[in-house]
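# Give me a 3D structure for the following:
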Amino acid sequence: MDVKQDIVKDVATLAQRLIAIDSITSASNAQVSDFLAGTLTELGFDVVELPYIDSHGTPKMNLAAKRAASRSMAASEARDSTVAASDSLSGIGFFCHSDVVSVDGWDCPHGGPFSAAIADKRMWGRGACDMKGPIAAALTAISRLEPTRQRAPIYFFVTGDEECGMAGARLLTEQSEYYRELVEARGAGVICEPTALQVVNAHKGGCHLDVSSKGVAAHSSTAEGRNANWPLIPFLHFLGQLNARCESEARLQNARFSPPTMTLNLVIENQPQSTNITVGRATCRIFFRPMPATDWQAVLDEVINTAQQMQLQVRALPPLAPLDTPPDSPLVQTALRVLGQATPQVVSYATDGCCFEQLSELIVIGPGNIDQAHRPDEWIELEQLQRGVDVYQSLLEHYASKM
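The predicted structure is shown next:
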């Protein structure tokens with residue numbers, strides 16, 4: 001897809017182009033991936049496409065891209081003994097996702113979910129905040145760094161399925177040579193999720209489980225059926241007790257977060273749903289958010305073991321561990337200093353960072369506020385978009401440019 005440099009260099013125009021491409025997480029992200037691959041290529045990146053099929057049989061695409069340092073600049077830096085080894089050629093990587101949440105219930109006075117309307121000093125549309133706006137800010141910042149001034153590699157990763165289990169991020173870590181390069185070089189990793197441009201060094205993770213009971217569906221006026229809810233009820237009682245413990249026991253809490261608990265949540269699904277048919281299958285969908293410095297793995301094991309002891313069926317997705325980059329790490333301290341901030345923040349949502357534990361240096365920072373995301377009228381302030389460009393440009397100047 002043809003991408004013009006003037007579009008890339010104007011963050012609002014680029015964000016509008018991205019928002020206009022429907023990439024809800026239940027559908028393919030091929031079109032937006034094609035657009036981003038073209039944009040990255042025009043910016044001088046070598047782009048590797050990593051296709052995969054999601055759990056529902058839908059084709060998806062990850063992108064892994066690298067813009068190498070100028071040969072003359074890299075050689076000059078290698079000869080310059082005054083440049084610290086840890087600060088010379090390790091580079092910086094930006095991590096983004098191209099999928100957005102559903103547009104069901106969209107209700108915005110300024111247009112549809114993909115119109116990317118500008119009104120009241122804001123841009124409105126699905127993904128404006130999470131995270132097509134931040135993607136645009138990062139790409140625009142990169143466009144302002146001339147390749148001849150680049151002294152370290154710049155990586156750009158775009159995953160699918162971040163909004164529904166992070167399968168794309170898991171596959172990226174397994175398949176991308178560029179990701180492994182960044183890990184081995186101990187480069188700086190920047191996740192571009194909205195943080196109101198505050199440096200975030202820790203966030204919660206996620207554990208998804210389905211616990212099911214099988215019955216026999218039949219007309220409820222007969223004795224032929226066996227309601228699947230009855231075997232599930234004792235397990236629900238156990239979950240109620242477990243939730244009370246999570247809300248009260250210190251070992252399961254972390255006061256750095258708000259709320260300081262794992263916020264265990266469950267949804268009950270019956271098949272079939274009709275009240276005149278005995279329920280043939282009952283499923284309890286469980287989700288809780290692990291935090292650093294808590295005994296969350298024991299909670300996960302207890303849920304699985306209890307369900308199995310009750311002879312219930314368990315399907316658990318791989319757990320998403322919380323992100324916890326030490327506040328005194330070189331990247332955290334450098335980002336705080338470069339951006340003029342005092343202390344790093346923590347957030348209660350999860351990002352693809354749950355899958356990037358091999359990266360020793362990893363932060364989250366992006367324009368927009370998470371409160372503006374996933375809304376029926378999602379938006380981002382235009383001022384935040386522009387400030388996002390400036391923030392990413394500052395990080396690029398430190399980690400990839402001649403100072």
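# Pretty sure Val216 sits against Ala223.
No. Using C-beta atoms under 8 Å, Val216 is not in contact with Ala223, being 10.6 Å away. In this view, the C-beta of every residue, glycine as well, is placed from N, C-alpha and C.
# quick one, which of these two is more surrounded?
More crowded of Val216 and Ala223, by other C-beta atoms under 10 Å: Val216, with 13 against 9.
# Leaving out sequence neighbours, find the closest residue to the more buried one.
Spatially, and ignoring its direct neighbours in sequence, Val216 is nearest to Arg226 (4.2 Å; C-beta to C-beta, 6 or more residues apart in numbering).
# Give me the distance between that neighbour and Arg67.
Relative to Arg67, Arg226 is positioned 61 Å away (criterion: C-beta to C-beta, to the nearest Å).
# Of the two, which one has the most company?
More crowded of Arg226 and Arg67, by other C-beta under 10 Å: Arg67, with 21 against 16.
# Isn't the more buried one up against Pro153?
Yes. Here Arg67 reaches Pro153: they are 6.7 Å apart, a contact under C-beta under 8 Å.
# So which residue is smack in the middle of the chain?
The residue lying closest to the centre of the chain (C-alpha atoms, centre = their mean) is Thr351, at 3.1 Å.
# Can you give me the distance of that residue to Leu323?
Going from Thr351 to Leu323 by C-beta to C-beta gives 7 Å.
# can you check Ala64 too?
The value you get for Ala64 to Leu323, if C-beta to C-beta is used, is 20 Å.
# any weak-confidence spans in the stretch 51-200 of the chain?
Low-confidence segments of the stretch 51-200 of the chain (pLDDT under 70): 71-89.
# residue ranges for the strands of it, please.
59-67, 92-97, 117-119, 122-124, 154-159, 188-191, 200-203 (DSSP state E, counting those that start in this stretch).
# okay if I get the ones you listed as JSON lines plus distance to Thr278?
Below are those laid out as JSON lines (distance: least, C-beta to C-beta, whole Å):
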{"stretch": "strand 59-67", "distance to Thr278": "38"}
{"stretch": "strand 92-97", "distance to Thr278": "42"}
{"stretch": "strand 117-119", "distance to Thr278": "50"}
{"stretch": "strand 122-124", "distance to Thr278": "47"}
{"stretch": "strand 154-159", "distance to Thr278": "42"}
{"stretch": "strand 188-191", "distance to Thr278": "47"}
{"stretch": "strand 200-203", "distance to Thr278": "43"}
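# just to revisit the earlier point, the residue nearest to the centre of the chain is in contact with Leu320, isn't it?
No. If you go by C-beta under 8 Å, Thr351 and Leu320 don't touch, sitting 9.4 Å apart.
# Need the residues touching each of these two.
Listed as contacting both Thr351 and Leu320 by C-beta atoms under 8 Å, 6 or more residues apart in numbering is no residue at all.
# residues near Phe356, how many?
22.
# Could you measure from it over to Leu209?
Shown here: Phe356 relative to Leu209, a distance of 23 Å by C-beta to C-beta.
# helix, strand or coil for Asp210?
When classified by DSSP: H, G, I helix; E, B strand; the rest coil, Asp210 comes out as strand.
# from memory it sits against Ala282, does it?
No. Counting by C-beta under 8 Å, Asp210 stays clear of Ala282, with 10.9 Å between them.
# more neighbours, these two?
For the pair Asp210 and Ala282, the greater number of neighbours falls to Ala282 (24 against 17), based on other C-beta under 10 Å.
# Just give the nearest non-adjacent residue to that one, would you?
Ala282's closest residue in space is Ala228 (C-beta to C-beta, 6+ apart), at 3.9 Å.
# And Thr343, which helix or strand is it part of?
Using DSSP states H and E, Thr343 sits in no helix or strand.
# who's in contact with it?
Pro327, Leu336.
# Could you report the pLDDT at it?
For Thr343, the pLDDT comes out at 97.
# For it, give me the backbone phi and psi.
phi -140, psi 150 (degrees, to the nearest 10).
# Identify the residues contacting the closest residue to Ile92 other than its chain neighbours.
With sequence-adjacent residues excluded and distances taken as C-beta to C-beta, 6+ apart, Ile92 is closest to Tyr399, at 3.9 Å. Neighbour list for Tyr399: Ser90, Gly91, Ile92, Ala152, Gly187, Ala188 [criterion: C-beta under 8 Å, 6+ apart].
# Of the residues you listed, just say which sits nearest to Val32.
Checking the contacts of Tyr399 against Val32 with C-beta to C-beta, the nearest one is Ile92 at 23.0 Å.
# in the sheet, who's paired with the closest one?
According to DSSP bridges, the residues that bridge with Ile92 are Ile154, Ala188.
# Would you map the strands across the stretch 251-400 of the chain?
With DSSP E, counting those that start in this stretch applied, the stretch 251-400 of the chain shows strands at 265-271, 281-288, 313-316, 323-324, 345-347, 362-364, 379-381, listed in chain order.
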